[in-house]
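# A structural model of the following input is requested.
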Amino acid sequence: MRRRSFLKKSSSGVLALATLPQLRIAADPQYSIEELMGKADIALIGEGINLRRAAHDAFVAMKKAAFQDGFAIKIVSSYRSFERQKAIWERKYRRYTEEEGMAPLAAIEKIIEYSTIPGTSRHHWATEVDIIDGNPSVSGDVLVPEKFGEGGPFEGLKKWLDENASDFDYHLVYTDSYFRKGFKYEPWHYSYAPLSKPMLTQYRKNNLAKLIRNEDFEGAEHFTAGFLKDYIHNNILDINPYLL
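Sure, this is the predicted structure:
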């Protein structure tokens with residue numbers, strides 16, 4: 001075909017496509033603020049899994065692959081509603097302030113070493129999993145970094161995840177990077193990136209400080225503008241760079 005003839009036909013084809021009224025470029029999915037804050041009813045898939053469909057399917061595939069290599073991935077926590085996160089927050093706040101006698105601000109700083117302010121948890125999105133190896137017999141709190149480290153009962157699973165989790169689009173959120181601030185290292189917390197990345201992008205477009213101030217739960221009256229600024233920067237956004 002001669003070049004001039006090809007260009008003429010190509011141009012007419014592009015023009016025809018451009019004039020089709022119903023032809024649209026696929027846009028990023030939209031999530032309501034209620035959904036992003038754990039306040040909306042969403043479809044959760046899988047008994048004992050409770051994730052969005054795509055995250056569920058990828059998790060099941062990862063679990064099967066790990067099983068073939070001798071590990072029994074077990075979910076400790078996945079989707080968490082706003083009310084569930086509020087209950088966790090307030091239980092810790094009362095324990096630290098009433099039982100242990102800590103000042104409110106000190107109690108809040110202690111809580112956010114590992115737990116999020118209600119409405120800001122990534123677990124609200126049904127894209128996150130806290131996981132362990134169900135094979136070893138373990139006593140006490142299972143979600144402590146030492147149990148995933150050298151000599152710990154979950155050391156083998158952690159090494160397997162380091163090598164394989166990304167093949168299933170799951171990525172560690174709160175890494176052990178020396179320069180990272182905010183929540184402490186969580187070797188058990190993995191995120192399904194194809195969904196959580198656009199959700200975070202949309203979430204951070206909101207006035208997060210205002211959203212937090214509008215909520216009513218124990219301890220919230222002690223949040224200052226400076227505290228909320230640092231919390232958003234350090235705890236919400238200072239994560240594995242791949243997930244931003």
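
# and the helices in the protein?
Assigned helices in the chain, in chain order: 3-18, 33-36, 53-68, 82-94, 104-111, 155-164, 193-203, 208-213, 225-231 (criterion: DSSP state H).

# what pLDDT, on average, does the last one get?
On average, the pLDDT along helix 225-231 is 97.

# in that helix, what's buried?
227, 228, 231 (16 or more other C-beta atoms under 10 Å). For the C-beta atoms, the positions are set from N, CA and C on the backbone; glycine is no exception.

# likewise the third one?
Burial within helix 53-68, assessed by neighbour count using 16+ other C-beta under 10 Å, is assigned to 55, 56, 58, 59, 60, 62, 63, 65, 66.

# show me how far it is from its chain's centre.
Chain-centre distance of helix 53-68: 17 Å, with C-alpha atoms, centre = their mean, to the nearest Å.

# so for this structure, the centremost residue is which one?
residue 122 (3.6 Å; C-alpha atoms, centre = their mean).

# what residues are up against that one?
Contacts for residue 122 (C-beta atoms under 8 Å, 6 or more residues apart in numbering) come out as 116, 128, 173, 191, 196, 200.

# over to residue 78?
Per C-beta under 8 Å, 6+ apart, neighbours of residue 78: 49, 50, 51, 123, 126, 128, 129, 130.

# skipping adjacent residues, who's closest to it in space?
Spatial nearest neighbour of residue 78, chain neighbours left out: residue 50 (4.6 Å); criterion: C-beta to C-beta, 6 or more residues apart in numbering.

# pretty sure that neighbour is touching residue 44, no?
Yes: the criterion here is C-beta atoms under 8 Å, and residue 50 meets it with residue 44 at 4.4 Å.

# joint contacts of these two?
Contacts common to residue 50 and residue 44, judged by C-beta under 8 Å, 6+ apart, are 79, 126.

# quick one: which of those two has more around it?
Taking other C-beta atoms under 10 Å, residue 50 and residue 44 do not tie; residue 50 has more neighbours (19 against 16).

# quick one: that one from residue 76, how far?
12 Å (C-beta to C-beta, to the nearest Å).

# hang on, the earlier thing: any idea how far residue 231 is from the residue nearest to residue 78?
Per C-beta to C-beta, residue 50 is found 26 Å from residue 231.
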